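Asker: fold the stuff below for me.
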Amino acid sequence: MDKRKNTSDGNTANTKKKRLVITLEQKFDVIERHERGHSNSKIGRDIGMPESTVRNIIKHAGEIKKKGKVASTFCGLQTTTRNRSITMIEMERLLAVWIEDCNQKCIPLTRAAIQTKASSLFKAVKENGNEMDSEETFAASVGWFNRFKNRLQLHNAKITREAASADKDTTVWKHILPHSTNGNFEGFPPQKQTVIEEITNIGRKLSFDDLENGDVRELLISNSEELADNDLHLEQQQAFEEANNDARESDNVQMKEFTLKEFEDIFRAVEVMKQKIMNADPNVGRSIQIRQDVDKALCTYQHMYEDLKKKTVQPTLLKYIKQE
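Answerer: Just a heads-up that it's a prediction; the model follows:
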């Protein structure tokens, strides 16, 4: 008796319940199906998800859509399986923009620099942002950095190697030519003034008559500086406003939709094609497999056709009932 009990307890202890992992993309799929009029039970059956999970996703649809809007410009955030806050998603999106800007300006980055910027951005986003996340804290730890690196596909080895190489160069040159190096060792300073004058002269030859050395100097300085937190917010806010304006303009344009006849013409043509495959291919197993693959590929069209057919039939029935 005791033995059976111990065995049972052991099995229970060793059996771990598998965690259901749901991506942001899957949540949007649930919300879109619900907005098309599908019931919770049908959605659960179609995508293999418990109905309670479907209800929970629909209940938090507003917050999920907001997260999707924030993540839409950063592909690394779109398929995340972690239930992260809007503040974290916004911070990482801005951090990705900052890293890209530094790369374009050839500004070297280290892990420590990225972690420091992440902490600064998190604080700025939290102060400007979501009341729901007001109690959230963030430590730019090595674990977070590694996860962020994988989402953004950063190459950590390259970053640390560059930093180590720079330190080595500093030590070597300080010993060889101590009078020719500064504390941070930036190499031999280029003849900036000569370069600025040459660029100004080229600009004037290209009909930029008002171009002055000061304009070129200001441009070079601005392109060599990192984006500040406020600059990142302003730049992204402007991008969102432009995207919203484009969305509003597209809403005013009538989008062409499939008709029942077009769906039926497609299905009819596909059936003819499948029959030709069966007649031409001597390998029966192969031709059947191809037919099944075609049916699978058209599964989305089939669902769209059925939904459209229901929407078309219901008004017709109502009209008939009213006439009676």
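Asker: tell me the SS of residue 279?
Answerer: helix (DSSP: H, G, I helix; E, B strand; the rest coil).
Asker: next one: it from residue 273, what distance?
Answerer: For residue 279, the distance to residue 273 equals 11 Å [CB to CB, to the nearest Å]. The way it works is simple: take the backbone N, C-alpha and C, and place the C-beta from them, glycine included.
Asker: residue 99 now?
Answerer: 49 Å.
Asker: which one's more surrounded, the two?
Answerer: residue 99 (18 against 12; other CB atoms under 10 Å).
Asker: does the more buried one really touch residue 113, like I thought?
Answerer: No. Here residue 99 does not reach residue 113: they are 9.7 Å apart, not a contact under CB atoms under 8 Å.
Asker: next SSE downstream of the helix or strand of the chain with the lowest mean pLDDT?
Answerer: In the chain, the helix or strand scored least confidently by mean pLDDT, DSSP states H and E is helix 75-78, which has a mean of 46. Downstream of helix 75-78, the first helix or strand assigned by DSSP states H and E is helix 86-104.
Asker: next, the buried residues of that next one.
Answerer: Of the residues in helix 86-104, 86-99, 101-102 count as buried by neighbour count, 16 or more other CB atoms under 10 Å.
Asker: same check on stretch 44-63?
Answerer: In stretch 44-63, counting by 16+ other CB under 10 Å, buried: 44, 49, 53, 54, 57, 58.
Asker: the first one - nearest residue in space that isn't next to it in sequence?
Answerer: In space, and not counting its chain neighbours, residue 44 is closest to residue 51: 4.3 Å by CB to CB, 6 or more residues apart in numbering.
Asker: likewise the last one?
Answerer: For residue 58, the nearest residue in space outside its immediate sequence neighbours is residue 34; the separation is 5.2 Å by CB to CB, 6+ apart.
Asker: I'd guessed the one you found sits against residue 42; true?
Answerer: No. At 9.7 Å, residue 34 and residue 42 do not qualify as touching, with contact defined as CB under 8 Å.
Asker: the more surrounded of the two?
Answerer: Each of residue 34 and residue 42 has its neighbours counted (other CB under 10 Å); residue 34 has more, 18 against 14.
Asker: mind checking what secondary structure the more buried one has?
Answerer: Once three-state DSSP is applied, residue 34 turns out helix.
Asker: ok, back up a step: could I get the buried residues of stretch 44-63 as CSV with secondary structure?
Answerer: Below are those laid out as CSV (three-state DSSP):
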residue, secondary structure
44, helix
49, coil
53, helix
54, helix
57, helix
58, helix
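Asker: end to end, how far does stretch 96-115 reach?
Answerer: Across stretch 96-115, the terminal residues are separated by 12 Å (CA to CA, to the nearest Å).
Asker: just to revisit the earlier point, measure the residue nearest to residue 44 to residue 24 for me?
Answerer: For residue 51, the distance to residue 24 - CB to CB - is 20 Å.
Asker: same check on residue 206?
Answerer: 48 Å.
Asker: likewise residue 301?
Answerer: Counting by CB to CB, the gap from residue 301 to residue 24 is 25 Å.
Asker: neighbour count winner among these two?
Answerer: residue 24 (21 against 15).
Asker: and that one, what's its pLDDT?
Answerer: At residue 24, the predicted lDDT confidence score is 72.
Asker: mind checking the pLDDT average for stretch 283-301?
Answerer: In the prediction, stretch 283-301 has an average pLDDT of 83.
Asker: with just CA atoms, put that stretch into CSV.
Answerer: C-alpha atoms of stretch 283-301 as CSV (Å, rounded to 0.1, in the frame of the first residue of the first chain):
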residue,chain,number,x,y,z
ASN,A,283,2.6,7.7,-59.5
VAL,A,284,-0.7,7.5,-57.7
GLY,A,285,0.7,8.1,-54.2
ARG,A,286,2.6,11.2,-55.4
SER,A,287,-0.4,12.7,-57.1
ILE,A,288,-2.6,12.2,-54.0
GLN,A,289,0.0,13.9,-51.9
ILE,A,290,0.1,16.9,-54.2
ARG,A,291,-3.7,17.1,-54.2
GLN,A,292,-3.7,17.1,-50.4
ASP,A,293,-1.0,19.8,-50.3
VAL,A,294,-3.1,22.0,-52.6
ASP,A,295,-6.1,21.6,-50.4
LYS,A,296,-4.1,22.5,-47.4
ALA,A,297,-2.7,25.6,-49.1
LEU,A,298,-6.2,26.8,-50.0
CYS,A,299,-7.5,26.2,-46.5
THR,A,300,-7.5,29.9,-45.7
TYR,A,301,-9.5,30.7,-48.9
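Asker: before I go, just wanted to say thanks for your time.
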